[in-house]
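Q: Show me the folded form of this:
(2 chains)
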Amino acid sequence: MDRHVLQGIPVSTGVALGRAYFLNRGRGRNIPRQNIPDNDVQSELVRVEQAFSQALAELETIQSRVPAELLEHARIIESHIMMLQDPKLLESAKAYIRDMQLNAEWALEKAVADIEAVFRSIEDVYIRERIQDVRLVAGRVQQYLLGESGNSLRSINTRIILLAHDLSPADTIELEVGKIMAFATVTGGKTSHTGILARAMQIPAIVGVADLEETIQDGQLIIIDGLQGRIIIEPDEDELASFTDLKYQFEEYQAGIIRSSHLPAETIDGYRVKVFANIELLEEVSSVLGNGGEGVGLYRTEYSYLNRVKLPEEEQLLEEYQDLASIMYPSKVVLRTLDVGSDKFMNHFGGLDEANPALGMRAVRFCLHHLDLFRIQLRAILRASVHENISLMFPMVSGLGELRQVKSVLHSVQMELKQQGLPYNPEMPVGIMIELPSAMITADILATEVDFFSIGTNDLIQYSLGIDRTNSFVSYLYQPLHPALVRMIKYVVDAGHRAGIEVSICGEMAADPYCIPVLMGMHVDCLSMNPQAVPVIKHIIRQATMEECKSLLRDVLASKTVGRNNKLVKDSIFRRHPKELMFYSSMLDEGY
Amino acid sequence: MDALDVVSRKVFVANELGLHARPAARLAREAQKYSARITLLSQEQEVDAKSILDLLTLALGPGCAVELKAQGQDAQLALERLEQLFLNRFEEER
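A: Numbers count the residues shown, from 1 in each chain, chains lettered A, B, ... in the order given. Modelled structure (predicted):
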């Protein structure tokens, strides 16, 4: 490949042009080591104290500016602040200055080395690794001592493109979000932390760039092409012009789709589909509405159960569900009952030793095993259902027997509420997630006893193809358009429609622009996705015609391989949505 | 109670990753609110509960038992608050 172009995996779309800045490179650079004369001791002591307080002030500023979506990681900063304030580090550095007459930089280095020596003997790997935090903190002080604050992220006036071997949550916390135009890292794959962060920040990012550190120098002008996963180093005039143009086009495009995101998702030939959002926090409702989401197709109810010393009480859940329903009213809200494994509840129920939790005690199986917990949630949902926009959905139902079991629990909770004179909506729609192959194949049977289906493609793909997508050895087999999946999804949609119920798709497939025409061709009633994906998906639908989607689906159903399907889909995107082909990557890799 | 009395209590680390950076920060921050001298004792090693670095070097893994000791005017109150932190896993998810 061309020497000045590097290829990686695009994980967040967009184009950025700017100066390269390596994070952490140069930490541990040469530190001046000298013995100082007696009369310099006092000034060195002052210097080290000042550097500590400058570093502290800097961290406190960063802490106060951490954006809301990164708050969880921001707590790392708190530990860094505590380390800076810890007398152990500062006092030990000062002792080296006072007693051994070392200059401040050397003294600090020695103080850190002492702490490192203690950490090295720690057996617990995770705690031993915290020495990284100590180094990071000391490195920050060291920069002030060396008068190199001009090199730190804080004092850069222009915005930069951040390059790193890897970005850990601890690293990303240090970043001043407003100054970073793009990321690129050596490590990482499609599901890495960097991608999640970049998408939340809405800046382009590329991971898995092998020669990043060897090829790019600090300060070099580079282009990050988050559409294709390319980095162009020191672009020539032609490249500059064409990428500036591309960047402009992308930004125009993005502004356009956001402007039109409140319009209904209706094809050119008048076929209407609902576009909903998946969320797990009440706060995300603003993002749903802001991006043009027409409802909440999946409200994950796990959050109130995790992160707690005590299990939530009925009233607390009721309040949460009521708030959600009333903010979204009259738009629909689908509450999914608890979908976790027993591993998340060890301290409440004791651990189960499960060899394979993904195939174990989770979701409705877990709930049926812990009926008290299940009934409390059902009571809260039912009581909230007086807001008539609420629907209930059971995850991971494996067949009719299990469906009847959960429905009988629901029925008995309804009777209980009735006896207690507590109101609920007896007409609340009750649906199930279709995410197990067994539920797929028996969809025609299940459809007669529920009010709607929601196909959870993430789990369905994994369970059907027998692969764990986070396992890098087999993740290449994660192929949403595998003929088996296309047939199964089509079968479920048809079975649902024959029984007169709605079928929606709520998985990443629904957020992948490339998969939309195929799903549309099946006549799905609703697509539910992360709120950020709503504008582009609505845009795609508004540019499409049902006739073309159907004809694409016919071709896809007639094909025998994933590879052919992916090609068919890409060709159709090329014809109908050339911009999306340019601006978005897809889960659809070249398959077999 | 005499301010010179040492009060102590046995606690356990319930966090899945042990007393790592964030819980240690929480603990040190809380301990600093009291004038009492507060220490943690584990396997004959006694460290200052107000120092995050000391706490980390104690390397308390998941499930470790540790003795909380406090001495001073507000020792009793400090002990109760710190014990509470251990019990609720320092407000960590795991």
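
Q: Let's verify residue A:275: helix, strand, or coil?
A: State at residue A:275, reduced to three classes by DSSP: H, G, I helix; E, B strand; the rest coil: strand.

Q: On the strand side of things, show who it bridges to.
A: On the basis of DSSP bridges, residue A:275 is bridged to residue A:527.

Q: now the one 4 residues further on
A: Using DSSP bridges, the beta-bridge partners of residue A:279 come out as residue A:299.

Q: what's the burial count for residue A:558?
A: Burial of residue A:558 is recorded as 10 neighbouring residues (other C-beta atoms under 10 Å in any protein chain shown). All C-beta atoms are positioned from the backbone trio N, CA, C, and that covers glycine.

Q: Also residue A:268?
A: Using other C-beta under 10 Å, residue A:268 has 14 other residues around it.

Q: Identify the residue spatially nearest to it, adjacent ones excluded.
A: Leaving aside its sequence neighbours, residue A:268 sits nearest to residue A:545 (C-beta to C-beta, 6 or more residues apart in numbering or on different chains; 4.8 Å).

Q: Just to check, the one you found is in contact with residue A:267?
A: Yes - with contact defined as C-beta atoms under 8 Å, residue A:545 reaches residue A:267; the gap is 5.5 Å.

Q: so what does the longest helix seen in chain B touch, helix or strand wise?
A: The longest helix of chain B (DSSP state H) is helix B:75-87. Applying 3 or more C-beta pairs under 8 Å, 6 or more residues apart in numbering or on different chains; DSSP states H and E, one finds that helix B:75-87 contacts strand B:6-12, helix B:21-31, strand B:37-42, strand B:65-71.

Q: 6 Å instead?
A: strand B:6-12, strand B:65-71 (3 or more C-beta pairs under 6 Å, 6 or more residues apart in numbering or on different chains; DSSP states H and E).

Q: re the thing from before, which residues does the residue nearest to residue A:268 contact?
A: The contact partners of residue A:545, by C-beta atoms under 6 Å, 6 or more residues apart in numbering or on different chains, come to A:267, A:268, A:269.

Q: Ok, residue A:517 next?
A: Residue A:517 makes contact with A:549, A:552, A:572, according to C-beta under 6 Å, 6+ apart.

Q: Look at the residue lying closest to residue A:31 once chain neighbours are set aside and say how many residues are nearby.
A: Counting by C-beta to C-beta, 6+ apart, residue A:105 is the residue found nearest to residue A:31 once chain neighbours are left out, at 4.8 Å. Per other C-beta under 10 Å, the neighbour tally for residue A:105 reads 22.

Q: what's the answer for residue A:102, then?
A: Residue A:102 has 23 nearby residues by other C-beta under 10 Å.

Q: what bridges to it?
A: For residue A:102, the beta-bridge partners under DSSP bridges are residue A:35.

Q: Tell me, what's the model's pLDDT at it?
A: pLDDT for residue A:102: 92.

Q: for residue A:156, same thing?
A: On the pLDDT scale, residue A:156 is placed at 56.

Q: Over to the one 10 residues further on?
A: Residue A:166 is assigned 74 on the pLDDT scale.

Q: just to revisit the earlier point, you'd agree the residue nearest to residue A:31 is up against residue A:145?
A: Yes - here residue A:105 reaches residue A:145: they are 5.0 Å apart, a contact under C-beta atoms under 6 Å.

Q: returning to that earlier point: avg pLDDT for the longest helix of chain B?
A: Helix B:75-87 comes out with an average pLDDT of 93.

Q: cool, stretch A:310-318 as well?
A: If you average the pLDDT over stretch A:310-318, you get 91.

Q: List the buried residues in that stretch.
A: For stretch A:310-318, a neighbour-count test (16 or more other C-beta atoms under 10 Å in any protein chain shown) marks A:311, A:312, A:317, A:318 as buried.

Q: cool, stretch A:562-575 as well?
A: Buried residues in stretch A:562-575, counted by 16+ other C-beta under 10 Å: A:562, A:564, A:565, A:566, A:567, A:568, A:569, A:572, A:573.

Q: Looking at those, spot the one nearest residue A:185.
A: residue A:566 (26.7 Å; C-beta to C-beta).

Q: mind putting the contacts of residue A:545 in JSON lines, distance to residue B:93 included?
A: Converted to JSON lines, the contacts of residue A:545 look like this (distance: C-beta to C-beta, whole Å):
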{"residue": "A:267", "distance to residue B:93": "43"}
{"residue": "A:268", "distance to residue B:93": "47"}
{"residue": "A:269", "distance to residue B:93": "48"}
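
Q: Which ones among those map onto strands?
A: Among those, no residue falls in strands (DSSP state E).

Q: any idea which helix is longest in chain A?
A: Scanning chain A for the longest helix, with DSSP H as the assignment, gives helix A:41-65.

Q: Mind checking what helix or strand follows it in sequence?
A: Going down the chain from helix A:41-65, the next helix or strand is helix A:71-85, by DSSP states H and E.

Q: Go through the next helix or strand after that next one and flag the buried ones.
A: Following helix A:71-85 in sequence order, the next helix or strand is helix A:87-100 (DSSP H and E). Residues of helix A:87-100 classed as buried: A:88, A:89, A:90, A:92, A:93, A:94, A:96, A:97 (neighbour count, 16+ other C-beta under 10 Å).

Q: Taking helix A:41-65 as reference, get the angle to helix A:87-100.
A: 160 degrees (axes from the mean of the first three to the mean of the last three C-alpha atoms, to 10 degrees).

Q: Off-centre distance for the helix or strand sitting right after helix A:87-100 along the chain?
A: Remark: after helix A:87-100, the chain's next helix or strand is helix A:104-120, criterion DSSP H and E. Mean-position distance between helix A:104-120 and its chain equals 37 Å (C-alpha atoms, centre = their mean, to the nearest Å).

Q: List the buried residues of the helix or strand that comes right after helix A:104-120.
A: Next in sequence after helix A:104-120, counting helices and strands by DSSP H and E, comes helix A:125-128. By neighbour count with 16+ other C-beta under 10 Å, helix A:125-128 contains the buried residues residue A:127.

Q: Pretty sure residue A:182 sits in a strand.
A: Yes - per three-state DSSP, residue A:182 lies within a strand segment.

Q: Identify the residues contacting it.
A: Residue A:182 touches A:16, A:161, A:203, A:204, A:224, counting by C-beta under 6 Å, 6+ apart.

Q: The last one should be in a strand, yeah?
A: Yes - with three-state DSSP as the criterion, residue A:224 is located in a strand.

Q: For it, which non-adjacent residue is spatially closest?
A: In space, and not counting its chain neighbours, residue A:224 is closest to residue A:182: 3.9 Å by C-beta to C-beta, 6+ apart.

Q: so what's that neighbour scoring on pLDDT?
A: pLDDT at residue A:182 comes out at 93.

Q: now swap in the one 4 residues further on and tell me
A: The per-residue pLDDT reported for residue A:186 equals 86.

Q: got a list of what it touches?
A: A:165, A:209, A:212 are the contacts of residue A:186 under C-beta under 6 Å, 6+ apart.

Q: mind checking the backbone torsions on it?
A: phi -70, psi -40 (degrees, to the nearest 10).

Q: related to what we said a few turns ago, quick one: which of the buried residues of helix A:87-100 is nearest residue B:10?
A: Among these, residue A:88 lies closest to residue B:10 (C-beta to C-beta), at 25.4 Å.

Q: what's the closest non-adjacent residue to that closest one?
A: Once flanking residues are discounted, residue A:88 sits nearest to residue B:53: 4.6 Å by C-beta to C-beta, 6+ apart.

Q: Packing partners of the longest helix of chain A?
A: Using 3+ C-beta pairs under 6 Å, 6+ apart: helix A:41-65 touches helix A:71-85, helix A:87-100, helix A:104-120, helix A:131-145.

Q: Report the angle between it and helix A:71-85.
A: 170 degrees.

Q: Only the buried residues of helix A:41-65, if you could.
A: Residues A:41, A:44-45, A:47-48, A:51-52, A:54-56, A:58-59, A:62-63 are the ones in helix A:41-65 that count as buried (16+ other C-beta under 10 Å).
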